[in-house]
Structures are given as C-alpha cells and as structure tokens.
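*Asks:* How does the following fold in three dimensions:
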Amino acid sequence: MTDANKKAAGRIRFFKKRDEDLPSGTPYTKETFITQIIMTVFAVLFIAPIVIILNYSFKNKKELYLGSPLSLPQSLNLDNYAKAFDKLNMRYTFLNTFFYTACSVVILALLCGTTAWAIARCKKKFFKFAYIYFIIGILIPYQALFLPIYTIGYKMHLTNTRYGIIFMYVATGISFGVFLMNSFMSTVPIELEESARIDGCSVFKTYFLVVLPLLKPAMATLIVMQSFQIWNDYLLASLYVSKKQLKTLTVAIQSLFSAQSSDYTTAMAAIIISVLPIAVLFMFLQKYFIKGMTVGAVKG
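*Replies:* Numbering: from 1, shown residues only. Down below sits the predicted model:
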C-alpha cells in the first residue's frame, strides 16, 4: 500500500469514528467544525489567566520577575499560601465573607421566591405595580445608589455591623432575584396548587411543599449568581465596613496591592484560595444551574 493510500485510509477511519461518536441524525458539517474551533479558542483565552495566576501562586519573587508568565516554577512553593493566610488574617476575613454570602443568599432565596410567587399568581394592580417597581430597580445600578445607601445605613446605625452589610446585600439583590424567579413561575402548573388547596393545604404548605420543590433550577440559578456577586464584591464591602475584624476577603486582598510595594505572589495565592469555595458551589449546583438557564429556551 502506497503512502497516499495509507493517508486516505487513515482519513476514512477518522471520519468514520467521528460520525459514530455523534448522536444519531446529527450531521457533522463544516460549520460545526468551525464552531468547535472558535469555542476552543475562547475556552483557552478564558482558562489562560487562571492558569497564569495558579502558576504565579507557586513562584518566588525571583521567578516572578525574571521568568515568563508561562514558565513553570522550579518547585511548588507553598509558602505563598501560608503567607496569604497570615497577611490577610483569613481566620476572620474568610469566615466573614462566607457568613455574609450565606446569610444574604438564604434570605434572598426565601424573599425572592415568595414575592415572585405572589406577583405571578395575584392579578391585582398592586402586584403589577410591585413587579414594575422591581424591574425599575434592575435598571438602576447599585453603584449609583452608594450615597443614599450609605446615608440610610449610617442614620440607622447599620455601618460596621454584620447585619447591616447583609441587609444591604439583600436590598441591592432583591430586584434581580424577583425578576429571575418570576420568569420561572410560568413553568409551575397552577393546577397543582389548586389541587393542594382542595386537599386542605394552607398557603404556606402550598408554597413550601408544592411550588418550592419545582423551583430547584431557578433557586440554584439565583444562589449561584448572587453568591458570585456577593463573594467577589469589593465596593459595598469597603464602603460599609472599616473595622478590621469585619472586613471581607476581597477587601483584604486589595491591601496586598499598593503604589509603594506589591506582593504579587502572595496575592495570587490569596486569589486562588478565594476562588475555591465558589468553584465548589458551582460544581454542586451545576446541573440545576444549567437547567435553570435553559428553561423556557425551547417551546414545544
């Protein structure tokens, strides 16, 4: 067999195996191949910064300034992680961030779910006005409301308090949460609620035993998106908290960057530590999150 025949036979085996891996009835076209190439390029572009940060977190200062961003460290330097734990006082900052995020997300999930259910099921003008009110809240960025937010918080003695910053996270996130949950209420059959009421269920039992279990994808989407925003928030946390024992992880990481001196290797290690909890949360809720983002995309 000549070299040309061997190459032709190899190409035939490649395309045959590729077609077997595809679902039945799915054509593998030139457009599909180009789409895969483009998506691969974008995936590499998104992953590259994460790989560089992870690489820097194991380097010493000499390797940081003399080596290239893609050069591997000579050894896995775990001292950067120990320094990050001490410099950022993670015993408090990590727990503070976790506490603020967990409490805010739980309150948002409860409030947004019940509010969206009431708006979707009640047809009175008050509930229509309430829905428009929440929509307007989405259109106004909360960064533009920093002055009135801080003024109200200061007058109500909410600044430099744990419950104050939780209250502000709930206040700035409830508009989007209600909008998101209300869009999913159309997927809940109203006949199930009517059957539950005929069987004697109260309003609370109808929601928590019938409606809420059907909203798992929506709840997972809300929890993931709000957790991302609150965990990584810097502006609101730096505005409302000045006490050292109440600071969050992102505010503490910013202290490693200054005009005089910056400890980049320690900062990269701190960034990796701060990313891990959110990454774990997304892994656990990924199935519900993807389902929640695609509900209603296909009608039929």
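*Asks:* quick one: residue 120 and residue 211, what's the gap?
*Replies:* From residue 120 over to residue 211 the distance is 10 Å, taken as Cβ to Cβ, to the nearest Å. C-betas here are computed from N, CA, C, even on glycine.
*Asks:* Repeat that for residue 90.
*Replies:* Using Cβ to Cβ, which is the criterion applied here, residue 90 is 39 Å from residue 211.
*Asks:* what's the answer for residue 42, then?
*Replies:* Residue 42 is 38 Å from residue 211, by Cβ to Cβ.
*Asks:* ditto for residue 145
*Replies:* Using Cβ to Cβ, one gets 32 Å for the distance from residue 145 to residue 211.
*Asks:* Check which helix or strand the residue nearest the centre of the chain maps to.
*Replies:* Nearest to the mean C-alpha position of the chain, counting by Cα atoms, centre = their mean, stands residue 228 at 3.2 Å. Residue 228 is located in helix 216-231, with elements delineated by DSSP states H and E.
*Asks:* Now the element after that helix, going C-ward?
*Replies:* helix 235-240.
*Asks:* Please compute how far that following helix lies from its chain's middle.
*Replies:* 19 Å (Cα atoms, centre = their mean, to the nearest Å).
*Asks:* re the thing from before, and for the closest residue to the residue nearest to the centre of the chain other than its chain neighbours, the neighbour number?
*Replies:* What sits nearest to residue 228 in space, not counting adjacent residues and going by Cβ to Cβ, 6 or more residues apart in numbering, is residue 278, at 6.2 Å. Residue neighbour count, defined by other Cβ atoms under 10 Å, stands at 15 for residue 278.
*Asks:* does residue 278 belong to a helix or a strand, and which?
*Replies:* Of the helices and strands defined by DSSP H and E, residue 278 is found in helix 264-294.
*Asks:* Go through that helix and flag the buried ones.
*Replies:* Within helix 264-294, the residues scored as buried using 16 or more other Cβ atoms under 10 Å are 264-274, 277, 281, 285, 288-289, 292.
*Asks:* ditto for stretch 95-115
*Replies:* Counting neighbours by 16+ other Cβ under 10 Å, one finds that the buried residues in stretch 95-115 are 96-97, 100-101, 103-105, 107-109, 111-115.
*Asks:* Show me which of residue 145 and residue 211 is the more surrounded one.
*Replies:* residue 211 (20 against 14).
*Asks:* In helices only, show me the buried residues of stretch 95-115.
*Replies:* When DSSP state H is applied, these are split such that 96-97, 100-101, 103-105, 107-109, 111-115 fall in helices.
*Asks:* Could I get the contacting residues of residue 172?
*Replies:* When contacts are counted by Cβ atoms under 8 Å, 6 or more residues apart in numbering, residue 172 is found next to 142, 145, 149, 236.
*Asks:* now the residue nearest to residue 235 when sequence neighbours are not counted: how far from residue 202?
*Replies:* Here the nearest residue to residue 235 in space, its sequence neighbours aside, is residue 143; by Cβ to Cβ, 6+ apart that works out to 6.4 Å. For residue 143, the distance to residue 202 equals 41 Å [Cβ to Cβ].
*Asks:* low-scoring stretches of the stretch 1-150 of the chain, by residue?
*Replies:* Residues of the stretch 1-150 of the chain that meet the criterion pLDDT under 70 lie in 1-28, 67, 69.
*Asks:* so where do the helices sit in it?
*Replies:* In the stretch 1-150 of the chain, helices defined by DSSP state H, counting those that start in this stretch lie at 3-21, 30-56, 61-66, 79-87, 90-121, 125-139, 146-155, listed in chain order.
*Asks:* Looking at these, which is nearest to residue 170?
*Replies:* When the helices of the stretch 1-150 of the chain are ranked by proximity to residue 170, the top entry is helix 90-121, at 5.1 Å, counting by Cβ to Cβ.
*Asks:* helices and strands around that closest one, which ones?
*Replies:* Contact partners of helix 90-121 among helices and strands, from 3 or more Cβ pairs under 8 Å, 6 or more residues apart in numbering; DSSP states H and E: helix 125-139, helix 162-184, helix 216-231, helix 249-254, helix 264-294.
*Asks:* Quick one: distance of that helix to the chain centre.
*Replies:* Relative to the centre of its chain, helix 90-121 is centred 13 Å away, using Cα atoms, centre = their mean.
*Asks:* got the angle between it and helix 216-231?
*Replies:* 140 degrees (axes from the mean of the first three to the mean of the last three Cα atoms, to 10 degrees).
*Asks:* ok, now how distant is residue 47 from residue 53?
*Replies:* Taking Cβ to Cβ as the criterion, residue 47 is separated from residue 53 by 11 Å.
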